[in-house]
Structure formats: structure tokens, C-alpha cells
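Visitor: Give me a model of this one.
(chains A, B and C)
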Amino acid sequence: MMEWIVSILLISGALFMLVAAIGVVKLQDVYMRMHAITKAASLGAILMLAAVVLWHPQWIVAIEALMVVLFVILTAPIGAHMLARVSHHMKVPIGQGYIMDELQDAIDRNEMDGTVSDEDKAIDADKL
Amino acid sequence: MLKIFTFLLRIFRLILFIGYYLKELVVSSLYVAYDIITPKDLMRPGFVEVPIDLKNETAVIALVNLISMTPGSLTVDMSPDKKKIYIHAMYLFDKDAFIRKIKNELEDRIRLIFD
Amino acid sequence: MIQPDTYPVLSFAVYFSFACLTISLFAGLYRLLTGPSLPDRIVVMDLIASLVIGLIINYVMLTGQPVFLNVAVAIALLVFMGNIAFAKYLKRRVQQ
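Guide: Alright, predicted model coming up:
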């Protein structure tokens, strides 16, 4: 019985990762690829870790799996948020079918001036 | 006594919120996965401006990260006075309904827990 | 160690997920080579880290050695650092 549950968890996790990869190939711009990766891939990793914990019921395995899940859940949205923000600053071209871009409207109205911190302005970009 | 009671109430609401959030995560993940697998696109993407009125910074961070973890929406930027956030949404069939959903469901629950 | 004659279903599941993850790695490689902009390639780095975590988990299931989960912990931490570093670098390059 346990074998079946673990198998189903493993296969569904792998299928979620496969969906994320197909989405990366198929979707049309950076933001939508980020949608596919942050959620589908982390959900796949969580499902597969659950399979490992069920198959090896020891404390050390459970704690390590919990650490991986916590790192993935805490860091994936932050990384995606920073990358999306930088992509919008870089004016990466957006795909077709967009119905509104209110962020660009706000930038055009000069409402987003305080976004760049003084610390970043002080650093000389030539030295990087 | 009252302090202990409010603390317990907060823990209870946190557990309820985790249940609600997991349900939302699974449903919208399956929706996005279905849309990726089938060749016909249902997408209607766009950047939306959503006003928020949370006082606590922890609450703001929790809201932003939870929005980013829900499939179909991704927080892109925040206005300097921390009053508006800009969300990239995949399924914007109805803008008012989208904003109402974020404000009424996610933000109200987070305010009850953190503020 | 999982043998096909002791655990037939589980060994099928492990090999099936190995196949899925390998196909996903090739899909990521395609986007890495043809990605139109730099953020596309960085996003793929995130995907490849998740896929490697999945491969390690499959390897743990195949060999029955949970020690390898330490590698997954290290990768989950390192890829976040890489993401943030790339984002900071791009931000400063834009302001130039």
C-alpha cells in the first residue's frame, strides 16, 4: 500500500516538473515563464520530498526534507519577484495579448521615483 | 486571560488560513498546468495595480510572498509609499473581480492574523 | 536499493520520473540556448536547480541512502544566492 502512495507522489511530482519545463519552452515572455517555474517546480519538489519522507520514516530525513521545503517556499517567490522587477526595469519585451500595463503607466506618471535606493546609486557601475 | 485568548484565536485563524491557502495552491496549480498542456491558450495577461492598506511590514511581506506563490499571479513591484503593489496576472478576465479577490480573501485574512 | 523484482511499482515510478526529469532538463537547455534575453536564461537556472533537486531525490529512492539529501539542502540554498546576485547585477547594469 505504502509503495503505491510513494509511487503516485513521485510520479505526480515529476509530472509537475515536466509541466514547468514545457511551460518554459511554450510560454511567450519572461513573466509567464516565471509563473511556470516558481510554482510548478517548487510544488513538484515538495511532492517528491513527501515521497522520500514516507519511504524512509526517520527523524533526520524528515528534518532535512522540511529544511528543503522551507528554503524552496521562502526563497522562490523572493527570487521571482526580484527578477521580474529587474526585467521590467530592463524593458524586456512583453508578449502578445496583454490587456493592460498599469505599472508602465505609473512609471510614466513618475510615481515610482523612490524605487532605487541611495545605496545602489552610490555604487560605481563601472567597477562591476 | 484575554491575551491568551486572542493568541489562541490567532493560532486558530492561522491554521484555517493554511488550509485555505493549500486548497487555493492546488486548484490554481492544476488550472495553470491544464492551460500549459492543452495547445489552446486561455491566457489574458497584464499588470494590475492593487491598493493595499496593511500597517505591519511583516504582513506586507507575507502578502507579497503569498501572492507570488499562488499560480497565476506574481508580484512585480511596489510603490515607494508601500500603498500599492503591481501584480502580473495571467488570467485577467475581470480586473475588478481579481482585485476584489486579493483584497477580500488574502488581505483580510492576513490582517486578522498579523495586525 | 530498489530492485524491480522486490518493488515492481516503485521501481517503475523511479525510472519514469528519471525519464520525465531528463526530458525537462533538455527543454530547459533549449530555452537556455535560445532565450531572447538575459532574464530568460537566469529563470532557466532556477528551473534546472529544481530539476537537480528532483534528480537527487530520485537517486535517494533508488539507492536507499538518505544521506544525499544534504546535497539537496545545499543546492536549495545556493540557487537563491545566485538568483539574488544576478538580480542585483542586472539592476546595477540597468542604472548605468
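
Visitor: List the backbone torsions phi and psi for B:Phe82.
Guide: Slight slip there: residue B:82 is Lys, not Phe. With angles defined as degrees, to the nearest 10, B:Lys82 sits at phi 60, psi 30.

Visitor: Whatever helix or strand C:Val44 lives in near chain A anywhere?
Guide: Per DSSP states H and E, C:Val44 falls inside helix C:38-63. Yes. Judged by Cβ under 8 Å from any Cβ of the partner chain, helix C:38-63 comes into contact with chain A at C:38-40, C:42-44, C:46-47, C:50-51, C:53-54, C:57-58, C:60-61. In this view, the C-beta of every residue, glycine as well, is placed from N, C-alpha and C.

Visitor: From the contact counts, what lies against that helix?
Guide: Using 3 or more Cβ pairs under 8 Å, 6 or more residues apart in numbering or on different chains; DSSP states H and E as the contact test, the elements touching helix C:38-63 are helix A:2-26, helix A:30-35, helix A:42-55, helix A:59-90, helix C:8-34, helix C:69-95.

Visitor: circling back to that earlier point, closest to A:Met90 out of the residues of helix C:38-63 next to chain A?
Guide: C:Pro39 (7.1 Å; Cβ to Cβ).

Visitor: Could you give the number of residues near the closest one?
Guide: 24 (other Cβ atoms under 10 Å in any protein chain shown).

Visitor: Would you quantify the distance from the residue nearest to it when sequence neighbours are not counted to A:Val30?
Guide: Distance criterion Cβ to Cβ, 6 or more residues apart in numbering or on different chains; nearest residue to C:Pro39, sequence neighbours excluded, is A:Ser87 at 4.4 Å. For A:Ser87, the distance to A:Val30 equals 5 Å [Cβ to Cβ, to the nearest Å].

Visitor: Identify the contacts common to the two.
Guide: C:Ser37, C:Pro39 (Cβ atoms under 8 Å, 6 or more residues apart in numbering or on different chains).

Visitor: these two touch, right, the residue nearest to C:Pro39 and A:Met32?
Guide: No. Using Cβ atoms under 8 Å, A:Ser87 is not in contact with A:Met32; the gap is 11.5 Å.

Visitor: can you pull the contacts of A:Tyr98?
Guide: Applying Cβ under 8 Å, 6+ apart, the residues near A:Tyr98 are B:Pro45, B:Gly46, B:Phe47.

Visitor: three-state assignment of it?
Guide: At A:Tyr98, secondary structure determined by DSSP: H, G, I helix; E, B strand; the rest coil is coil.

Visitor: how many neighbours does A:Trp59 have?
Guide: With other Cβ under 10 Å as criterion, A:Trp59 counts 7.

Visitor: Same question for B:Asp108.
Guide: Neighbour tally, B:Asp108, other Cβ under 10 Å: 11.

Visitor: does it belong to a helix or a strand, and which?
Guide: Here B:Asp108 is assigned to helix B:108-114, by DSSP H and E.

Visitor: Which residues does that helix contact?
Guide: Contacts of helix B:108-114 (Cβ under 8 Å, 6+ apart): B:Arg10, B:Arg13, B:Leu14, B:Phe17, B:Tyr20, B:Leu54, B:Asn56, B:Thr58, B:Ala59, B:Ala62, B:Leu63, B:Leu66.

Visitor: Next, B:Val50: phi, psi?
Guide: According to degrees, to the nearest 10, B:Val50 has phi -120, psi 120.

Visitor: Surely it and B:Lys103 touch.
Guide: Yes. If you go by Cβ under 8 Å, B:Val50 and B:Lys103 touch, sitting 7.2 Å apart.

Visitor: How much space separates B:Ala97 from chain C?
Guide: 29 Å (Cβ to the nearest Cβ, to the nearest Å).

Visitor: does that residue belong to a helix or a strand, and which?
Guide: helix B:95-101.

Visitor: Please name every helix or strand in contact with that helix.
Guide: Right, helix B:95-101 is packed against strand B:46-51 by 3+ Cβ pairs under 8 Å, 6+ apart.

Visitor: quick one: average pLDDT of the strand it packs on?
Guide: On average, the pLDDT along strand B:46-51 is 86.

Visitor: which regions of chain C sit below the pLDDT cut-off?
Guide: For chain C, no stretch is flagged by pLDDT under 70.

Visitor: Pull the contacting residues for the spatially most central residue of chain A.
Guide: Chain A has A:Thr38 as the residue nearest its centroid, 2.2 Å off, counting by Cα atoms, centre = their mean. A:Thr38 is in contact with A:Ala76, A:Pro77, A:Gly79, A:Ala80, B:Ser68, B:Met69, B:Leu74, C:Asp46, counting by Cβ under 8 Å, 6+ apart.
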